[in-house]
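Engineer: Predicted model follows, preceded by the sequence.
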Amino acid sequence: ADGTTQIRYMEYPVLSGLYQYGSMVVAKTWASVAWLPQALEVAIYFNVVALGLAAAWLVTVWATALSAGRRIWDAALVAASPLVVVHAFTNFDALATALAAGGLLAWGRKRPLLAGVLLGLGGAAKLYPLLLLGPLLVLCWRAGKMREWGVTAAAAAAAWIAVNLPIAVLFPSGWYEFMRLNSSRGADPDSIYNVISSFTGWSGFDGVQYPGDSPIVLNAVTLILFAVVCAAIAYIALNAPTRPRVAQ
């Protein structure tokens, strides 16, 4: 607004950022070949990205179907999700879902090392696949299979570090942008928190926020609530009369 230059960095985890970069290279290469069908470069880029994300989503459904076994309707719920109809190509989450579903399939096939690698790569695309290590820890603790969990957790950490470390060393500001943005931005417009605030006029836990302000109280509240929910899930999983399945 004041005429100065603002430096911005890719606000995605490393693997998602590299996917976007690779798609850009493919799109520019396509656009440079005169005898290929041409369009706006951004349209070619979208087509390249969408093709890869569609393949990743097919992997997600395939892996879920194999994991579901006789509960095939579990996979049908994934394949027919209305969220996918709307959001399949509005973000890069399909990369993480493919790796997470593949990791759970590998775990179910008793391949903890492969499961860890896939979950670690998934965590390098989006954070949530790494959260699956929590339920696995609880179930392995109850079943006395901590060695298997250790293999998976170590493989996940190694895969995540192998992808992230080079970028963190070479481009520290760009690497940190995803974490900085997630800690400093407010609630998403489609969150329940924001919906309540919009309908009631409530200014939120942190009051009126201005550009550059971090929602410190909101971050603390959500972190505490997240920890409480995780503890409750762990308690139920450890004390249920029948040991839950991973999906449960």
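Structural biologist: It's in.
Engineer: pLDDT of whichever helix in the chain runs longest, averaged?
Structural biologist: In the chain, taking DSSP state H as the definition, the longest helix is helix 41-68. What helix 41-68 shows for mean pLDDT is 96.
Engineer: following that helix, which helix or strand shows up next?
Structural biologist: The element immediately downstream of helix 41-68 (helix or strand, assigned by DSSP states H and E) is helix 72-79.
Engineer: Gly122 reaches Asp93, doesn't it?
Structural biologist: No. Here Gly122 lies out of contact with Asp93, judged by CB atoms under 8 Å, at a distance of 10.4 Å. C-betas here are computed from N, CA, C, even on glycine.
Engineer: Can you give me every residue that contacts the spatially most central residue of the chain?
Structural biologist: Note on the chain: the residue nearest the mean C-alpha position is Lys126, at 2.8 Å, using CA atoms, centre = their mean. For Lys126, the set of contacting residues under the criterion of CB atoms under 8 Å, 6 or more residues apart in numbering consists of 13, 16, 92-93, 95-96.
Engineer: Could you give me the buried positions within the longest helix of the chain?
Structural biologist: Under the neighbour-count criterion of 16 or more other CB atoms under 10 Å, helix 41-68 has 44-45, 48-49, 52-53, 56-57, 59-65, 67-68 buried.
Engineer: next one: stretch 146-158
Structural biologist: Neighbour-count burial for stretch 146-158, with 16+ other CB under 10 Å as criterion, is recorded at 148-149, 151-153, 155-157.
Engineer: Tell me the one of these nearest Phe199?
Structural biologist: Using CB to CB, the shortest approach to Phe199 within the buried residues of stretch 146-158 belongs to Ala156, at 40.4 Å.
Engineer: Work out the gap between the longest helix of the chain and the centre of the chain.
Structural biologist: Shown here is helix 41-68, whose average C-alpha point lies 15 Å from the average C-alpha point of the whole chain (CA atoms, centre = their mean, to the nearest Å).
Engineer: and the angle from that helix to helix 72-79?
Structural biologist: Going by axes from the mean of the first three to the mean of the last three CA atoms, to 10 degrees, helix 41-68 is angled at 170 degrees with respect to helix 72-79.
Engineer: Next, the residue lying farthest from the centre of the chain: secondary structure please.
Structural biologist: Using CA atoms, centre = their mean, the residue of the chain lying farthest from its centre is Trp35. It sits 38.0 Å away. Three-state call for Trp35 (DSSP: H, G, I helix; E, B strand; the rest coil): coil.
Engineer: residue ranges of the helices in the protein, please?
Structural biologist: With DSSP H as the criterion, the chain has helices at 14-32, 41-68, 72-79, 82-87, 93-108, 112-125, 128-131, 133-143, 146-170, 172-184, 192-200, 216-239.
Engineer: what pLDDT, on average, does the shortest one get?
Structural biologist: Per-region confidence: helix 128-131 scores 96 on mean pLDDT.
Engineer: ok, and what's touching that helix?
Structural biologist: Looking at helix 128-131 with CB under 8 Å, 6+ apart, the contacting residues turn out to be 96, 99-100, 103, 118-120, 122-123, 156, 160.
Engineer: residues of it that come out buried?
Structural biologist: Going by neighbour count (16+ other CB under 10 Å), the buried part of helix 128-131 is 129-130.
Engineer: Done for today, thanks.
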